[in-house]
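Chemist: Generate a structure from the sequence data that follows.
(8 chains)
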Protein chains: 8
Amino acid sequence: MKLEQGQKLLFIGDSITDCERAKPEGEGLFQALGKGYVSYIDALLQAVYPEIGIRVVNKGIGGHTVRDLENRWQEDVVNQKPDWLVVMIGINDVWRQFDTPFIKDWHVLIGEYEVTLRKLVVETKPNVKEIVLMTPFYLESNEQDKMRQKMDQYGQVVKKIAEETNCLFVDTQAAFNVVLKELYSATLAWDRVHPTAAGHMVLTRAFLKEISFNWNRT
Amino acid sequence: MKLEQGQKLLFIGDSITDCERAKPEGEGLFQALGKGYVSYIDALLQAVYPEIGIRVVNKGIGGHTVRDLENRWQEDVVNQKPDWLVVMIGINDVWRQFDTPFIKDWHVLIGEYEVTLRKLVVETKPNVKEIVLMTPFYLESNEQDKMRQKMDQYGQVVKKIAEETNCLFVDTQAAFNVVLKELYSATLAWDRVHPTAAGHMVLTRAFLKEISFNWNRT
Amino acid sequence: MKLEQGQKLLFIGDSITDCERAKPEGEGLFQALGKGYVSYIDALLQAVYPEIGIRVVNKGIGGHTVRDLENRWQEDVVNQKPDWLVVMIGINDVWRQFDTPFIKDWHVLIGEYEVTLRKLVVETKPNVKEIVLMTPFYLESNEQDKMRQKMDQYGQVVKKIAEETNCLFVDTQAAFNVVLKELYSATLAWDRVHPTAAGHMVLTRAFLKEISFNWNRT
Amino acid sequence: MKLEQGQKLLFIGDSITDCERAKPEGEGLFQALGKGYVSYIDALLQAVYPEIGIRVVNKGIGGHTVRDLENRWQEDVVNQKPDWLVVMIGINDVWRQFDTPFIKDWHVLIGEYEVTLRKLVVETKPNVKEIVLMTPFYLESNEQDKMRQKMDQYGQVVKKIAEETNCLFVDTQAAFNVVLKELYSATLAWDRVHPTAAGHMVLTRAFLKEISFNWNRT
Amino acid sequence: MKLEQGQKLLFIGDSITDCERAKPEGEGLFQALGKGYVSYIDALLQAVYPEIGIRVVNKGIGGHTVRDLENRWQEDVVNQKPDWLVVMIGINDVWRQFDTPFIKDWHVLIGEYEVTLRKLVVETKPNVKEIVLMTPFYLESNEQDKMRQKMDQYGQVVKKIAEETNCLFVDTQAAFNVVLKELYSATLAWDRVHPTAAGHMVLTRAFLKEISFNWNRT
Amino acid sequence: MKLEQGQKLLFIGDSITDCERAKPEGEGLFQALGKGYVSYIDALLQAVYPEIGIRVVNKGIGGHTVRDLENRWQEDVVNQKPDWLVVMIGINDVWRQFDTPFIKDWHVLIGEYEVTLRKLVVETKPNVKEIVLMTPFYLESNEQDKMRQKMDQYGQVVKKIAEETNCLFVDTQAAFNVVLKELYSATLAWDRVHPTAAGHMVLTRAFLKEISFNWNRT
Amino acid sequence: MKLEQGQKLLFIGDSITDCERAKPEGEGLFQALGKGYVSYIDALLQAVYPEIGIRVVNKGIGGHTVRDLENRWQEDVVNQKPDWLVVMIGINDVWRQFDTPFIKDWHVLIGEYEVTLRKLVVETKPNVKEIVLMTPFYLESNEQDKMRQKMDQYGQVVKKIAEETNCLFVDTQAAFNVVLKELYSATLAWDRVHPTAAGHMVLTRAFLKEISFNWNRT
Amino acid sequence: MKLEQGQKLLFIGDSITDCERAKPEGEGLFQALGKGYVSYIDALLQAVYPEIGIRVVNKGIGGHTVRDLENRWQEDVVNQKPDWLVVMIGINDVWRQFDTPFIKDWHVLIGEYEVTLRKLVVETKPNVKEIVLMTPFYLESNEQDKMRQKMDQYGQVVKKIAEETNCLFVDTQAAFNVVLKELYSATLAWDRVHPTAAGHMVLTRAFLKEISFNWNRT
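Modeler: Purely as a prediction, here's the structure:
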């Protein structure tokens, strides 16, 4: 297990991360971590490794793009002084190009996405123990689908930045693809974006695998 | 994995099982399975074994005792024709003796508890593939605590019936005890009964272990 | 214009037809016809042909399949004595096979779909002036998509029944396909099923074209 | 069709335009454009001309007069940089003189109305591609009715300004008059002001005709 | 003053009478009599004639026609055993012919109106001290308006029945006409039907005048 | 009638005046004047004298004492520029001495009451046409009751100031006393302070009498 | 202390007893006993005599008279099999005569009151250990007040029945009178009927004194 | 009785003190003092000593620690100028160490607790008549329980400061321990912290004993 005693693990992202977390502070009891994969990860860390006392914080906000993250980075990441930082962003950056194609202001094109994400990672890396970059995803099994293609390109950017900056990396699309071979996308998300509990478990497993979590630990 | 292709897996119990499930039918999308361990188990089955297609149904109702289960057994268990049946009951049977000690009508004493639970199991066993009996639990680490002692006795009854009737058996109290060595009970449940997400993960792992679920399966 | 002075035009279907209509009676002022294509059609008939006084009734109910329509056919169609009857059903019949694949009871397979729909149409045809059959649709441009393929098959059944029984026929999928060439499906429906206002206008135009409505009439 | 590829089309006005639009920004999905004629126009543009990608924005606010429009013109029109601007205002300017006759402060008399509207149009004309001026209206068929007479005078002002400034012009009262010959006003609006869906379709058709929209385009 | 010590005075009618009264029983404290003319009449009787103790009951129900009154006459009039009965009905009988002209079932034409109202009055007259018949009204000053013409005809029917059966009679339209000479109808009712407080005072004065109420009594 | 064409009549006071009026501006349609005597007076002025067009404004606020009135006098009276000003204040000044006797800060004793009220009246008198001073009241028929005695003293202060400053004067307690001879106080107000509709009619009549309103005017 | 180990103590009455208790069953945790004197008595019994385990049940219902109690006596008293029964009724029997004097049906005159209350007590006495009769009360210090006089008469009836039937007796009016010498009635109840917490403590002390409760017990 | 005529008695603390009190000002009628021990103490003072007129103020706020009290001390204590000050704080200081052990920022360790509490008491003592210090408590009968042990240590700190500064002192834990010998903790508080009405009566009695309140006073 890569996480160590007493570390603070902060997640930042969009609605997939948010999942009705408490605001402004996304930590504490009473579902303060929301109902999604952040809550599941916290629950599994406590259930399986109760003695190491990881402090999990959720800073996801629904609808956000990497542009929004940049705006609140100082307050929601830097000031929080996390030991570990996990970033999953990009779905809305892509989605707006497809669901509101005529409102160009709302689109975060791949150039801006890459520049912004790299800047945030590079600036932050020296001040934290680890950064985990998770790709955005789209629950569509057809690889020729236009939005899936675009999302894959954004995922490639995340991978590239992770390699350049020596971050941990989680390919969420790849993890979902395994399940999409068996189940039609509507089972996992009516809108192909917001996962059911099963989808959040896919994210949970993909993240925990990357940090060498051991489910079978007594 | 003991569950097989296309089986129907039904959970019945009290508020720990219920967890705001949809009513009257506790299955389908949109959190119909509630927010607790039943939902987690369903999510993990879909995420890790998507191809076997287990149909999970939640029939928990908050506040219920084994006496209440008997009253709705025909409708909520027999008529549902499950392949697998999971029963976790007894917390309220015990709790009412401690939180409303003067209202004797509400107490289900250990004799009635044992007779009723055995009758339900014995009658149902021939008609299902498997029954899993899960003990009730109390998130109190002091074994001399009076309510913990009583709950342990009810747990012993469950174990005895499981052995007699050849049911699968999950000792939830034992699973929680491991975590309670590291964490004070208030971390897992303010009232020592209704678990946080971490507590529901303890239940989830205990159940999945009994049915030979493999987290690391690709 | 095929509709004539004072006729009663009744729509029956699922959530696409329903669209928050008043219940139990779906007619009258104050958005009683809902917010979807039924309301648009009624509004255009009144605005363009105010003198012919068509009485529009909405009997859509969200989530319904052809099996549900059969159950309420006597009350919601026969007893209503419409002059024109419009039926658009089948989306949920197909969708449940893809979003809740393990709950087989909820699936209306193509055999049952065809038999039921034909029976309803054949029985009703002699008692009304006209029946319009509209295909179900799926806002997915990839024709190889499994759910789109299945939906197309159900649409073929509708077409076949329309031809056999000499009903008017509206191919809603074909109408949407024209738009889907230009716009990604997420623009028209986040879940590929419930259309935006634009999607409802596509349905409206397709229906009105079939009944020879003239937009340019002074 | 006078609208061209990628143009931004902004509507400003009172409650007839507003119709429960999202605030502060009246654009995007989820009924952000409200439930009235702006939404219908947007839907028809997308459904019939999906490839030209018009961005529609709704800046109507219930209860507003031309005096209120002047106050928010900089923010809601100038800063928005629309290509096309559509203005329909004046109903409340007149109505307050009739429904709260003793509160003189609330009345915008015809002199102030004309001066203000002309000023706004003249200042804005050079910075946009087109301005469409729509008259206010009153759903009363009796031309001798005092409020109808007054509303007609305000409509004349709009016409005069449109001619002076070379704006497109929509005579909404004339469009409604056609329908009022066949239907009593209560069918179109209980209060003779806020139209039903049918009334909004009358506005929609009148506007679309002025911009040479072609309903029959394949 | 025609009312005498301890009499029970029951009003029945539509939404003008109802005005959010308590249901099912429209009497007692806490605005049980609603917010309209019934409440005003009761308040003035208590304030000016406190010693005669009139029991006022409100049985108005919004949307009702004379057809609806007939259906609930036994329960809401006969069983109540009033000394005085006041009936004001007919607005919806007429209005539905103008606001939903295509739904013929909802129209109560003048023949049915007259027959039904006469029957109710004739049957009830012998069992009560007095019946007061109030005309329906329409707050439109143009006597050539189609709905106003129709309403006047219904008012004539009420007058005829009052004369035949020797009932007290209140011409509410005439009372409103005095005010409509000075004020535009929108001041008294946005929809020309549901009066403001001022309109309810007009009704109050018209009724009280008929029963010889003396405002100036010390 | 002392009120003249087009005058503005402003009422200020406590909850008896307030009665759920619109805030911040207490004028206009839709019960903006509240549900109490101010609304009744406005309604009667419009119903009986429609041609003189009195603009009525309600500035009552629940719980206020003369001390609170002083704090908002500039904004709610002076800036409003009324022609007529009506003041009814003092009930809370007295009541707090009886319902929360231990919280001395909340009591406005008679000395402060007199000084403050006189100052407000004297300063305002030159700038308005008329001031009407209405006494506070207490719906208790026992003149020896301690709170009734105190309220009577405050009423005496109001009378004295009215005489000194040549204001119109309404003795509300005297008006209520007539009714209290016939009806027990609980009929008019459960708490002896907030009147029923009948109580508000008593206030209405007392005020209208002072300004020579003629109920019987045709 | 007259109460003994494990007894069931049932209170029945009107809104003073009810105080927002849980319904239908007024016992258990979470304020099931309401917020008034029943809750205080239960709390003091548990706090001071925790070992005797008295089961307290609240069957008060707001607005009820002795006539209503008779209607539900079988279900709410007899079937409950209490050891001790406490009855406080009569306030509404009297109040309706004063707050709605014209609705005679709602008045329970003293004859009916006495006959009904005696019948209920006589029939029930043999089946319970003890009955405590508490007088109704009115928080008015003026003994000449008409409603206070009437309430005192009803209290006399209760005293007489208590003596005849050998019940325990609590004179609540006498207990309040002590406090009313020092505090004006508005401090204890705005409407002279529904007490503040202080008023409920007066009731609590009066009841506990009658059953020899010892506050100073260690 | 140590309290004297007209004194102001202010309570400050956490949720046990708060109990849904009115905010910002915790005094006056209508449950402004909340539903807990502060309300009970006020009610008993008024009921038993009505003539001394104690003004009770509640300044508890849920979730607060001594650190939060220090932040609002100037406004909520000093500015209020109480005669008597009652402080019960520390439960959250301890609880956060046990229910959210990983969020160290939220823990107020015993050193900070002692320093802060002493500072507040020492600074305030000269300006008030009396300070009463009440210990925090934990409704757990097992003295070896870790949180109970810690709470006892905080209670020792309170006792030490009370002795040093010559304050009155209430050992709430000792008062609860008497009851916990007879009743299981769940009867008094599901979460061992927030007491039922019975628990609040224990606090009430403990406080009143310290100030020599006499329950049996006539």
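
Chemist: Would you mind naming what in chain A lies close to chain C?
Modeler: A:95, A:98-101, A:142, A:144-147, A:183-184, A:186-187, A:190-192 (Cβ under 8 Å from any Cβ of the partner chain). C-beta coordinates here come from the backbone N, C-alpha and C atoms, glycine included.

Chemist: Give the ChimeraX command for selecting the buried subset of these.
Modeler: The ChimeraX selection below is limited to those of the residues of chain A next to chain C classed as buried (16 or more other Cβ atoms under 10 Å in any protein chain shown):
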select /A:95,98,99,100,101,142,145,146,147,183,184,186,187,190,191,192
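
Chemist: So A:Leu109 versus chain G, what's the distance?
Modeler: To chain G, A:Leu109 is 55 Å away according to Cβ to the nearest Cβ, to the nearest Å.

Chemist: what do you get for A:Trp215?
Modeler: Distance of A:Trp215 to chain G, given as Cβ to the nearest Cβ: 39 Å.

Chemist: Surely that residue forms part of a helix?
Modeler: No: counting by DSSP: H, G, I helix; E, B strand; the rest coil, A:Trp215 is not found in a helix; it is coil.

Chemist: For it, the count of nearby residues, please.
Modeler: The number of residues packed near A:Trp215 is 18, by other Cβ atoms under 10 Å in any protein chain shown.

Chemist: Enumerate every residue touching it.
Modeler: A:Leu44, A:Val48, A:Leu208, B:Arg205, B:Trp215, B:Asn216 (Cβ atoms under 8 Å, 6 or more residues apart in numbering or on different chains).

Chemist: quick one: pLDDT of it?
Modeler: Looking at A:Trp215, its pLDDT reads 96.

Chemist: Ok, A:Asp191 next?
Modeler: At A:Asp191, pLDDT is 93.

Chemist: And the helices in chain A, which stretches?
Modeler: In chain A, the helices defined using DSSP state H lie at A:15-18, A:37-48, A:66-73, A:91-99, A:110-124, A:146-165, A:172-180, A:185-188, A:197-210.

Chemist: Reformat those helices into TSV and put mean pLDDT and distance to chain D next to each item.
Modeler: Listed next are those as TSV, based on pLDDT from 0 to 100; distance: least, Cβ to the nearest Cβ, whole Å:
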stretch	mean pLDDT	distance to chain D
helix A:15-18	98	14
helix A:37-48	98	25
helix A:66-73	98	15
helix A:91-99	97	6
helix A:110-124	98	20
helix A:146-165	98	15
helix A:172-180	98	24
helix A:185-188	95	19
helix A:197-210	98	22
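
Chemist: Highest mean neighbour count out of those?
Modeler: helix A:37-48 (a mean of 26; mean count of other Cβ atoms under 10 Å in any protein chain shown).

Chemist: and it, what does it pack onto?
Modeler: On a contact count with 3 or more Cβ pairs under 8 Å, 6 or more residues apart in numbering or on different chains; DSSP states H and E, helix A:37-48 meets helix A:15-18, strand A:55-58, helix A:197-210, helix B:197-210.

Chemist: just the angle between it and helix A:197-210, please?
Modeler: Calculated by axes from the mean of the first three to the mean of the last three Cα atoms, to 10 degrees, helix A:37-48 forms an angle of 60 degrees with helix A:197-210.

Chemist: Helix A:37-48 versus helix B:172-180: what angle between them?
Modeler: 90 degrees.

Chemist: CA atoms only: put helix A:37-48 into PDB for me.
Modeler: The C-alpha coordinates for helix A:37-48 follow below in PDB (Å, rounded to 0.1, in the frame of the first residue of the first chain):
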ATOM      1  CA  TYR A  37     -16.100   6.700  -5.800                       C
ATOM      2  CA  VAL A  38     -14.400   9.000  -3.300                       C
ATOM      3  CA  SER A  39     -16.700   7.800  -0.600                       C
ATOM      4  CA  TYR A  40     -16.100   4.200  -1.600                       C
ATOM      5  CA  ILE A  41     -12.300   4.600  -1.500                       C
ATOM      6  CA  ASP A  42     -12.500   6.200   1.900                       C
ATOM      7  CA  ALA A  43     -14.800   3.500   3.200                       C
ATOM      8  CA  LEU A  44     -12.500   0.700   1.900                       C
ATOM      9  CA  LEU A  45      -9.400   2.400   3.300                       C
ATOM     10  CA  GLN A  46     -11.000   2.600   6.700                       C
ATOM     11  CA  ALA A  47     -12.500  -0.900   6.600                       C
ATOM     12  CA  VAL A  48      -9.300  -2.600   5.400                       C
END
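
Chemist: ok, back up a step: right, and the helices and strands packed on helix A:37-48 - which one's nearest F:Ala198?
Modeler: Among those, the nearest to F:Ala198 by Cβ to Cβ is helix A:15-18 (55.7 Å).
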